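**Q** I'd like to go over a predicted model; first the sequence, then the structure.
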Amino acid sequence: MNKMKFLLSVAALIWIAGLGTSKAFAWCDPGNVYCGTVIDSNVTVGHDDVSRYKVGSDPGAPYCTPGGSSDTWNGKAHVYRIGGGPSPRPPLPDPLWIQLEWDDNPNTNRDDLILVVLEDCDANKCLGADPAFLEFSTQNGNPLGNDDSNGLWIIVDSRRDTTINYTLRVFCGDYPFDVELMSFSAERSSEGVNLNWATASEADNDRFEIFRRELGNQDWALAGVVASQGNASSQQNYHFVDRSVGNSGYEYQLSAFDANGNVQIMGHATVAGGGAEQVVVNTFELLGNYPNPFNPSTNIRFSLATASEITLNVYDVQGRIVAELFKGAMESGVHEIAFKANGLTSGVYFAQMSGAFGTDVMKMILMK
C-alpha cells in the first residue's frame, strides 16, 4: 500500500473512531488494575463531581480527605478498581501497596492530588486517603477484607481542573519492584509449546514462572520456572518449551517474582489445540488489540500464514511514525506484541503491518 492509500485509510478510520466513544473512567465504570499495574495519566479527563469522601454513611461522619468541610476536592478524578468480580472471588493481596507520584505545585502547601481507597463506588465507604501512599496489610494493622462484589475502588482526585500528570502504581507484597514486558507469545512445535517473551527493563527481578491451563478450565498449573537477569535497563529475551502438553488448547500466564516472593502478572498468551483439531492460520492480518481503548499500553495481535519478514509500526493521525515495534523475521502463527504509549497524547493511532504479503492497518484509541 503506497503512502496516499495509507493516508486515505487513516482518514476513513478517523471518521469511524468518532462514533460511539465515551470517557475512559466514568463513575462506577472504572479501569481495572492488578498487581504490577503502572498507569501514567493526567487528571484533565474523568469524573468531575466528587467533592468529599466520608468514613461512613452517617452525615456526621468525619471526612477522610484532609482539610475542613470547606476545603473541597472538587476538580477532576480518575476511578480504578482492583479485585471484585463474580463469586467466588480471589482474595485481595496482603499487603497491597498503592503509590501516587506527581509534580506538586511548589507555591502552595496544599496537595494538588489525593489518593483515596473506597470499599465500593459509593463515596461514603472510605477506607483510607493519603496524598501519595497507602498500604493495607495485616502487618500494619490495616488489613483489607474481600466482602464486596465490586472490589476496592482507587480514586485519584484533584482540587482543580488544571492538567496534573501523575503515575499510579499498584504493588502486592512487602517490596515494590517493576518489570516492563515488551512481548509474550505461545506457539506449537514438534517439541510442545514454545513460549517467547522480551522485557524492556527489569528491577529486582528474581525469576519468571509460567502457569498453564486448558482453555475453558479455571485451574492454573505451574508449567515452568525461568531465571531472570535481575536488573537490566536494556531488552532481554527469554525462551521456554512446555513439553507437558496434549492436543488441547491452552492459555499461559507469565508472572515475575522478586527474591521476597512478590509477584507481577506480566501477560497472557493462548495456543490452539493440536492434532486434527489444530487451527490453521491462513491469513496475514492484524487481529486487533486489547484493551482498546487503552492507557498507557495495549497488546497488538496479528496472524502470519507463513514465516515472513515483517515490520510493525504505529502512526498518528497525520501519518507520522510514533513507534517502531518490530522489524525482522517471524514464524507463522498468531503473535502478540505490546505497545506502550507513554509520552503520547490521547487520540487515535494506527498499527500498520507490512511484508511481502502487502500491508494491513487497524485503528487504536488511547484515552488518558
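**A** Good, I have the coordinates. Everything numeric here is computed off the predicted structure, so don't read it as measured data. Numbering: from 1, shown residues only.

**Q** burial of the closest residue to L215 other than its chain neighbours, as a residue count?
**A** The shortest distance from L215 to any residue that is not its chain neighbour, by CB to CB, 6 or more residues apart in numbering, is 4.0 Å, and that residue is G249. Bear in mind the C-beta positions are built from the backbone N, C-alpha and C, glycine included. Around G249 there are 17 other residues, counting by other CB atoms under 10 Å.

**Q** hang on, G249 packs against N217?
**A** No - proximity of G249 to N217 does not meet the contact threshold set by CB atoms under 8 Å, at 10.1 Å.

**Q** Can you list the residue ranges for strands in the stretch 101-250 of the chain?
**A** Secondary structure of the stretch 101-250 of the chain (DSSP state E, counting those that start in this stretch): strands at 113-118, 126-130, 133-136, 152-158, 165-172, 178-189, 192-203, 207-214, 221-227, 236-242, 250-257.

**Q** Show me the contact partners of the fifth one.
**A** Surrounding strand 165-172, the residues in contact under the criterion CB atoms under 8 Å, 6 or more residues apart in numbering are 33-43, 78, 80, 82, 93, 95-103, 113, 115, 154, 156, 176-178, 262-263.

**Q** Next, find the distance separating the residue nearest to L215 from F184.
**A** 17 Å (CB to CB, to the nearest Å).

**Q** mind saving the C-alpha coords of stretch 190-198 as CSV?
**A** As requested, the backbone C-alpha atoms of stretch 190-198 are provided in CSV (Å, rounded to 0.1, in the frame of the first residue of the first chain):
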residue,chain,number,x,y,z
SER,A,190,7.2,-30.6,17.4
GLU,A,191,8.6,-30.3,20.9
GLY,A,192,5.5,-28.9,22.6
VAL,A,193,4.6,-25.3,23.0
ASN,A,194,7.3,-22.6,22.5
LEU,A,195,7.0,-19.6,24.8
ASN,A,196,8.9,-16.4,24.0
TRP,A,197,8.9,-13.1,25.8
ALA,A,198,11.0,-10.0,26.0
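
**Q** Of all the residues in that stretch, which ones are buried?
**A** Of all the residues in stretch 190-198, those buried under the rule 16 or more other CB atoms under 10 Å are 192-198.

**Q** Throw the residues you listed into TSV and include distance to L127, thanks.
**A** As requested, the buried residues of stretch 190-198 are arranged in TSV below (distance: CB to CB, whole Å):
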residue	distance to L127
G192	46
V193	42
N194	44
L195	39
N196	41
W197	36
A198	38
